[in-house]
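> Here's my sequence, what's the structure:
(chains A, B, C and D)
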Number of protein chains: 2
Amino acid sequence: MESEEQYLKNYDASRFPSPIVTVDSVLFTLHEKQLCVLLVKRSQHPFQGLWGLPGGFIDLQQDNSTQATATRKLAEKTGITPSWLEQLETFSGPNRDPRGWSITATWFALIAWEACQPHIATVSDVQWCPVANLESEALAFDHATIIASALQRLRQKTMYSLLPVYCLPDTFTQTQLQEATEAILGQPVQRKSLIRRFEASGMFEDTGQSVATGARKARLWRRKPNIPVHLFSRNLLPE
Amino acid sequence: MESEEQYLKNYDASRFPSPIVTVDSVLFTLHEKQLCVLLVKRSQHPFQGLWGLPGGFIDLQQDNSTQATATRKLAEKTGITPSWLEQLETFSGPNRDPRGWSITATWFALIAWEACQPHIATVSDVQWCPVANLESEALAFDHATIIASALQRLRQKTMYSLLPVYCLPDTFTQTQLQEATEAILGQPVQRKSLIRRFEASGMFEDTGQSVATGARKARLWRRKPNIPVHLFSRNLLPE
DNA sequence: AGAATAGTGTCTGTCAGACAGTATGGG
DNA sequence: CCCATACTGTCTGACAGACACTATTCT
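I've put the predicted structure just below:
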């Protein structure tokens, strides 16, 4: 009987046909009260010239997880790592990639628009696309489906957490959080409800500063470091 | 400039090193008020002889998604397809499989114990392991981590849906649902709260039959066909 | 009748929705 | 001083928790 050591020495990974494996990310941000998603113009086949999600192949030498691949690819396109990153579904099948049976591990990310802008402004193959305009864009692969799944996740989590803060700059006002929440949900929310949650979450601290946006000054807040996202036991907007 | 057609004709998927790709499932059931998970004894290296999750390689000819792989492997071990199946996280990295850089798409499934028993009773390499006994089991790969993730998902969903019914036979009593819920959450729940949700969900219909379990007869219910799982806007047991 | 299980009535507490009311700072 | 924006007070309604109560069936 063969030992595990011997088995591993003789193991040839290429013996079995393997699917094409990729990693793709859906990075959202907020800009001018619009929820936007990051798209990259494809410079290579397949779907050359179309817009698609940032992503690509795993680098088996460098990446020690698909999360590392996602982070690396996002950093290439935005110059930074997103302030929120979590795994979404994995999509697979024989027909979603014309090159053959494929599987893509997808990630869902949030970032402040301001944080990426310095880098994105310098390149022409990366754009923020408002989700409202997605219908008129033809996207590569099944990326429209992946974005729809990410949007659903984002909306769901916005109902029972304050996740939208990860779309805001380091310091922000309660009104900005409200606007972010409303842009994501596509409908108004009660400011009072949001502020009750804001206080109950224990996730934020007052910077002591304030900013004028026209009339009365608004207090500036920041996320406390190393505090996990608070999950509420009730949803906003329960229909 | 190369056309996409030409590019695809010349494309050789084996040009790039590819990770090992597998699919694994965490199938839960309820037996004697205990939440159990399906384990399979590994007949092959690596981890030969240890218990692990049911799963394996994608059959690129037969399977048209990782869901098909999960269903196929579960059917091999239990004789049937689970009544609930949804995707969990995908785990990846250079060290989780001694054969090399690997990725496993994992699925989370529920089934009634009674439905599998005829098949499972006939084989010796498959067992239901109560989750309470998992600590003392050495499992293959990172399967303990995968089960922990599945358990967390199950508990979370039990708080805001009636998912535990998918661990019950086709017809069941409200008391059975309560016991399932309590076994999953590991603590008692208010029967009244559960029944309020049961009625509000619109997911069930009375069979007209009833069953005696010692004293007063209990009504037997069944899931209405083709009704999606109802999600409540509040959690049970909000701490 | 008594025991055990099935199922209901109803009070309290929590928190979201609604919206009126107060505070602050720029013209 | 006016008004826009920031922020607070407080009432209502929905629904979970708690637990006492009634109903049914077996011995």
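> rest of the way, CA atoms for contacts and neighbours
Fine.
> Sticking with the residue lying closest to A:F57 once chain neighbours are set aside, tell me its helix or strand.
Nearest-residue entry for A:F57: A:T22, 4.6 Å, with adjacent residues in sequence omitted and distances by CA to CA, 6 or more residues apart in numbering or on different chains. Assigned by DSSP states H and E, A:T22 belongs to strand A:20-31.
> can you check A:A218 too?
Assigned by DSSP H and E, A:A218 belongs to strand A:217-223.
> Can you list the buried residues in that strand?
A:A218, A:R219, A:L220, A:W221, A:R222, A:R223 (16 or more other CA atoms under 10 Å in any protein chain shown).
> residues in contact with A:I195?
Counting by CA atoms under 8 Å, 6 or more residues apart in numbering or on different chains, A:I195 touches A:Q174.
> pLDDT score for it?
Listed pLDDT for A:I195 reads 98.
> That one belongs to a strand?
No. According to DSSP: H, G, I helix; E, B strand; the rest coil, A:I195 belongs to no strand; its state is helix.
> re the thing from before, nearest to chain B among the buried residues of strand A:217-223?
A:R223 (22.8 Å; CA to the nearest CA).
> If the closest one is in a bridge, with which residues?
A:F204 (DSSP bridges).
> My guess is it contacts A:E205. True?
Yes. The criterion here is CA atoms under 8 Å, and A:R223 meets it with A:E205 at 6.4 Å.
> DNA strand C contacts on chain A?
Residues of chain A lying close to DNA strand C (CA under 7 Å from any atom of the strand) are A:189-194, A:196-197, A:212, A:214-217, A:232-238.
> how much space between the residue lying closest to A:V37 once chain neighbours are set aside and B:L168?
Spatial nearest neighbour of A:V37, chain neighbours left out: A:F28 (4.6 Å); criterion: CA to CA, 6+ apart. According to CA to CA, to the nearest Å, A:F28 and B:L168 sit 40 Å apart.
> Also A:Q127?
For A:Q127, the distance to B:L168 - CA to CA - is 49 Å.
> do the helix or strand of chain A at the bottom of the mean pLDDT ranking and chain B meet at all?
The least trusted helix or strand in chain A, going by mean pLDDT, DSSP states H and E, turns out to be helix A:4-10, with a mean of 83. Yes. For helix A:4-10 and chain B, the contact criterion (CA under 8 Å from any CA of the partner chain) is met by A:E4, A:Y7, A:L8.
> Nearest to DNA strand D among the residues you listed?
Nearest to DNA strand D among the residues of helix A:4-10 next to chain B: A:E4, at 49.6 Å, using CA to the nearest atom of the strand.
> My guess is the closest one contacts B:G49. True?
No. Between A:E4 and B:G49 there is no contact under CA under 8 Å: 11.0 Å.
> ok, back up a step: now intersect the residues of chain A next to DNA strand C with the strands, please.
Secondary structure defined by DSSP state E assigns A:A212, A:K217 of those to strands.
> Kindly write the ChimeraX command that selects the buried subset of the residues of chain A next to DNA strand C.
Here is the ChimeraX command that picks out the buried ones among those, judged by 16+ other CA under 10 Å:
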select /A:194,197,232,233,234,235,236
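> when you check chain B, which of the residues of chain A next to DNA strand C turn up near it?
When contact is defined as CA under 8 Å from any CA, those meet chain B at A:S233, A:R234, A:N235, A:P238.
> Dump these into JSON lines; add distance to A:Q152 as well.
Listed next are those as JSON lines, based on distance: CA to CA, whole Å:
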{"residue": "A:S233", "distance to A:Q152": "19"}
{"residue": "A:R234", "distance to A:Q152": "18"}
{"residue": "A:N235", "distance to A:Q152": "15"}
{"residue": "A:P238", "distance to A:Q152": "15"}
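> Show me what from chain A comes close to DNA strand D.
Within chain A, the positions adjacent to DNA strand D are A:173-175, A:191-192, A:195, A:213-219 by CA under 7 Å from any atom of the strand.
> According to the record, where do the domains of chain A fall?
If you go by automatic domain parsing, the domain ranges for chain A are A:20-157, A:162-223.
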